[in-house]
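*Asks:* no sequence on this one, just coordinates:
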């Protein structure tokens, strides 16, 4: 009985410190997804800037951009939540907490940008106005 308790305690001691790296890794994995989404949106913005209004309408770029912004907003929200949890981790060092808070703030600003762009595009009905709005989207930090 004592040996199984010891094994359980040792296992617990070895697993607890690894929770911070796992959480940080999860946040970083989500960050790479945000990078993919923002890259896709930026490429779409570049395409929209170069095309005619007729091509814009034929390619359904308004709906495409709205979908990409919505998906990006969802993943950015998850990253914000992830770093908020990381910042509250009692096992983390002060430097890790500060880094998590800084990343959370950075992604919160990106979230606000994406949300504003999405809401503006969603409220736009005329294709010409939508094309102009999309051409102004800039998700760089």
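*Replies:* Yep, that arrived. Not measured: the values here are computed from a predicted model.
*Asks:* pull out the buried positions in stretch 127-141.
*Replies:* Going by neighbour count (16 or more other Cβ atoms under 10 Å), the buried part of stretch 127-141 is 130-131, 133-134, 137, 139. C-betas here are computed from N, CA, C, even on glycine.
*Asks:* ok, of these, which one's closest to residue 82?
*Replies:* Nearest to residue 82, judged by Cβ to Cβ, of the buried residues of stretch 127-141 is residue 139 at 19.0 Å.
*Asks:* give me the phi and psi for that closest one.
*Replies:* phi -100, psi 10 (degrees, to the nearest 10).
*Asks:* roughly how far does it sit from residue 116?
*Replies:* For residue 139, the distance to residue 116 (Cβ to Cβ, to the nearest Å) stands at 11 Å.
*Asks:* ok so, going back, which one of the buried residues of stretch 127-141 is nearest residue 64?
*Replies:* Closest to residue 64 out of the buried residues of stretch 127-141 is residue 134 (9.5 Å), distances taken as Cβ to Cβ.
*Asks:* so the closest one versus residue 54, what's the distance?
*Replies:* With distances taken as Cβ to Cβ, residue 134 is found 15 Å from residue 54.
*Asks:* check residue 104 too.
*Replies:* As judged by Cβ to Cβ, residue 104 and residue 54 stand 43 Å apart.
*Asks:* repeat that for residue 116.
*Replies:* Counting by Cβ to Cβ - residue 116 and residue 54 are separated by 28 Å.
*Asks:* go on, residue 115?
*Replies:* 30 Å.
*Asks:* more neighbours, the two?
*Replies:* A count of neighbours by other Cβ atoms under 10 Å puts residue 115 above the other of residue 115 and residue 54, at 16 against 9.
*Asks:* quick one: which helix or strand includes the more buried one?
*Replies:* Secondary structure from DSSP states H and E places residue 115 in helix 94-123.
*Asks:* for residue 92, same thing?
*Replies:* Using DSSP H and E, no helix or strand contains residue 92.
*Asks:* so it sits against residue 99, correct?
*Replies:* No: Residue 92 lies out of contact with residue 99 (Cβ atoms under 8 Å); the separation is 9.0 Å.
*Asks:* gap between the strand or helix carrying residue 43 and the chain center?
*Replies:* In this assignment (DSSP H and E), residue 43 forms part of helix 19-50. Distance, stretch centre to chain centre, for helix 19-50: 6 Å (Cα atoms, centre = their mean, to the nearest Å).
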